[in-house]
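Novice: give me a model of this one.
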Amino acid sequence: MTKRSWCAAALALMLVSSAGVATASAATAPDTASHGSATKPQRDRPDLNGLRIKAVNAPNIYLVLDGRRHWIPNPATYNNLFRDWNGVVSVLDVGEITAGGALSDGAFLGKASGRPEVYLFSNGIKRWVTSPAAMDKYYFAWNKIQNLPVEAVNSIPNGPSIS
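Specialist: I've put the predicted structure just below:
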């Protein structure tokens, strides 16, 4: 890979992965809105990690990650990450699960060319998906993993692992 093409790839990766930082803060209204009783406290739910959830009769879909609900901002981002739309669970009170912020608009799965490690790129960081079991637990799509230059992947800061 030429230096010019590597630079272009790194710039594109950084723009996509960091675009969500600004987008996430502007797009958190559904993530912080009450979807049920305002008197019930929010709490972390690590037992729900990997689920894609939504409130009954509401369009917003969330991924439970680190025990918190993370808003998936649009269908394109959803389609970048997941196998299909099957298995989204409707829950009565999404607002009882601690809000964890939105995923980046355009969040995606990627890996360094020639390397086995798969990452979730969102909000300017990469999070290692630690195993095939974790890929399946989160219903991530194997066929949507993007191959990226090693240097580009190495240039993105690490976040917490996903297992």
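Novice: list the buried ones in stretch 75-93?
Specialist: By neighbour count on 16 or more other CB atoms under 10 Å, the buried set for stretch 75-93 is Thr77, Tyr78, Asn80, Leu81, Phe82, Val88, Val91. Yep, even glycine has a C-beta here, placed from its N, CA and C like the rest.
Novice: now stretch 123-142
Specialist: Residues of stretch 123-142 classed as buried by neighbour count (16+ other CB under 10 Å): Asn123, Gly124, Ile125, Lys126, Arg127, Trp128, Val129, Ala134, Met135, Tyr138, Tyr139, Phe140.
Novice: the last one pairs with what?
Specialist: So that's Phe140. Beta bridges link Phe140 to Phe82, judged by DSSP bridges.
Novice: now do the fifth one
Specialist: With DSSP bridges applied, Arg127 shows beta-bridge pairing to Leu120.
Novice: farthest pair within the buried residues of stretch 75-93?
Specialist: Asn80 and Val91 (23.6 Å; CB to CB).
Novice: show me the shaky parts of the protein.
Specialist: Judged against pLDDT under 70, the low-scoring parts of the chain cover residues 1-39.
Novice: can you pull out the strands in it?
Specialist: Ranges of strands in the chain, per DSSP state E, are 52-55, 61-65, 68-72, 89-91, 99-102, 108-112, 118-122, 125-129, 146-148.
Novice: and those strands as CSV, adding distance to Ile162?
Specialist: Shown next, in CSV, are the strands of the chain (distance: least, CB to CB, whole Å):
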stretch, distance to Ile162
strand 52-55, 14
strand 61-65, 7
strand 68-72, 12
strand 89-91, 19
strand 99-102, 13
strand 108-112, 11
strand 118-122, 6
strand 125-129, 5
strand 146-148, 17
